[in-house]
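A.B. asks: 3D model of this:
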Amino acid sequence: MSEAGAVVERIAGEGVKVVDFRFTDLAGRWRHVARDAAGVDAAALAEGLLADGSAVPGWREVTDADILLKPDLASAWLDPFSAQPTLVLVCDAADPASGIGYERCPRAAAQRAEARLADAKVADEVRVAVEVGFFLFDQLRVEAGPWATGYTLAPTGERARAAGNAYLAGPPADPFADVRAEIASILGTYGVEGIVQGHGRAAGQNEIGLAPAGLTRAADQIQALKYVARMVAASYGKTASFLARPLAEAPGSAMRIGQSLWRGGRPLFYGQGYADLAPQALQFVAGILRHARALNAFTNPTTNSYRRLRYAADVPGRLAYAARNRSAALRIPYASRPETKRVEVAFPDPGANPYLAFAAILMAGLDGIERKLEPGDPADRNLYDLPPEEASEFGTVCRSLDEALDALEADHDFLTQGEVLPLELVEAYVRVKRQEIEAVERLPHPAEFLLGGGA
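C.D. replies: So this is what the prediction gives:
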């Protein structure tokens, strides 16, 4: 039986009423178009579903709006939150005339990155392991309009506040163990395995780590994680936030991204060099360090990202690498076996579009390998507390989204190799992000009333 036929049989066998075609926009949001299951047959699944691309920021113009949503049939997943039995299909966007992956579709870009790796004959597989931080609040209320601008975060309960900075706190200081366990259980039905989860550093902060997967599949899992976390939180009467730094006087949330290259089922990053790294792994590190500030546009893509990168004291913003050292921008975690050896990028945050962030990091590392770049000496010391004369030895991540977009505009050739992230995608992404900056800058900040004497 064909894959399409198997999905159709599943629709009938499991009483599915709705088929939900989900895709990701440039900003990393899951969007969708749903169709009554009775109208979905094998031909419809093979052909895909037309949608209005002009309604997606940064995509089509209204004069050429049609976009084709091509479902990845292997992604079929029964949505546990829908009132009507709903089968979710993750989609790529394609040009309806040619059927070729749409150049501005993030998921299609992730697939092109994996293909570029294979074409370069450096490796035939990249595996991505991700740890995501997020907050749970009893209530989150936001106003952003002409007569009211501000937000209110309701406390997360006495036990959560008491936990404070109790990293990895256990019950009863950790009141969210059941919430995270339910998130992990539901993700298991999506095929996500090897989940590690615990209490974060701040009150109400949580962390979930996912086992390594292929680049596109890992990004799919992050999209599912965000969806499931928000839905489970709502069922507990709470709100999940993936904002990089929602609390001014508390640690922000990171999305640590580990990558490793493989060929023929064999890990390539294990060797005899520093921290048991192979030469290719060190070149991979060098490429990421070389392009880190351009990467910020994808790994730290919101104005709030820089409230974490710029103002938090414990963020690895120094462009250095080291073994195990959590103050370095790139870390080589301890690995007891060759297959667990990886390079971890520590500065990204969960606001990132995972398809674009994972692909951009891979392309930076691949550029380092192809150009045989050297990363310099490792930084085996605490980079959070350096005297000025030593701190000046290291470059830093960007200090604003504007600065990151400028860096991307000046340094994007490594991304456009093989049309992985075509110039058209990069330019559209920059336009969308500059519009976000302007939208934030146009709103009066509550602190301005206090500092300007208006309150």
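A.B. asks: residue ranges with poor pLDDT in the protein?
C.D. replies: 1, 155-166, 453-455 (pLDDT under 70).
A.B. asks: so it: which segments form each domain?
C.D. replies: If you go by automatic domain parsing, the domain ranges for the chain are 3-102, 113-451.
A.B. asks: and these, which is most packed in?
C.D. replies: Of all the domains of the chain, domain 113-451 carries the top mean neighbour count, a mean of 19, counting by mean count of other Cβ atoms under 10 Å. Where you see a C-beta, it was placed from the backbone N, CA and C, and this is true even at glycine.
A.B. asks: next one: that one to chain centre, how far?
C.D. replies: Distance, stretch centre to chain centre, for domain 113-451: 7 Å (Cα atoms, centre = their mean, to the nearest Å).
A.B. asks: residue numbering should commence at 11 henceforth.
C.D. replies: Sure, I'll start numbering at 11, so the last one becomes domain 123-461.
A.B. asks: end to end, how far does that domain reach?
C.D. replies: End-to-end distance for domain 123-461: 47 Å, by Cα to Cα, to the nearest Å.
A.B. asks: same thing with stretch 350-359?
C.D. replies: OK, stretch 350-359 end separation, Cα to Cα: 23 Å.
A.B. asks: I'd guess A370 is in a helix, am I close?
C.D. replies: Yes - A370: assigned to a helix according to DSSP: H, G, I helix; E, B strand; the rest coil.
A.B. asks: that one reaches L305, doesn't it?
C.D. replies: Yes - in this structure, A370 is within contact of L305 by Cβ atoms under 8 Å, at 5.4 Å.
A.B. asks: who touches the residue most central in space within the chain in this structure?
C.D. replies: By Cα atoms, centre = their mean, the chain has its centre lying nearest to P364, at 3.1 Å. Contact partners of P364, counting by Cβ atoms under 8 Å, 6 or more residues apart in numbering, are G38, V140, A228, A229, I232, Q233.
A.B. asks: ok but the second one is inside a strand, no?
C.D. replies: The one in question is V140. Yes - counting by three-state DSSP, V140 is part of a strand.
A.B. asks: how much space between it and A356?
C.D. replies: Relative to A356, V140 is positioned 12 Å away (criterion: Cβ to Cβ, to the nearest Å).
A.B. asks: how about the first one?
C.D. replies: Taking Cβ to Cβ as the measure, G38 and A356 are separated by 19 Å.
A.B. asks: what's the span of stretch 241-254 from first residue to last?
C.D. replies: The first-to-last residue distance of stretch 241-254 comes to 19 Å (Cα to Cα).
A.B. asks: not counting its own residues, what contacts that stretch?
C.D. replies: 91, 142, 144-150, 166, 189, 192-193, 196, 236, 239-240, 262-263, 310, 312, 314-315, 317-319, 359-361.
A.B. asks: same thing but 7 Å
C.D. replies: If you take Cβ atoms under 7 Å, 6 or more residues apart in numbering as the criterion, stretch 241-254 is touched by 91, 144-150, 189, 192-193, 196, 236, 239-240, 262-263, 312, 314-315, 317-318, 359-361.
A.B. asks: re the thing from before, which single one of the contacts of P364 is nearest to P454?
C.D. replies: The closest of the contacts of P364 to P454 turns out to be G38 (Cβ to Cβ; 27.2 Å).
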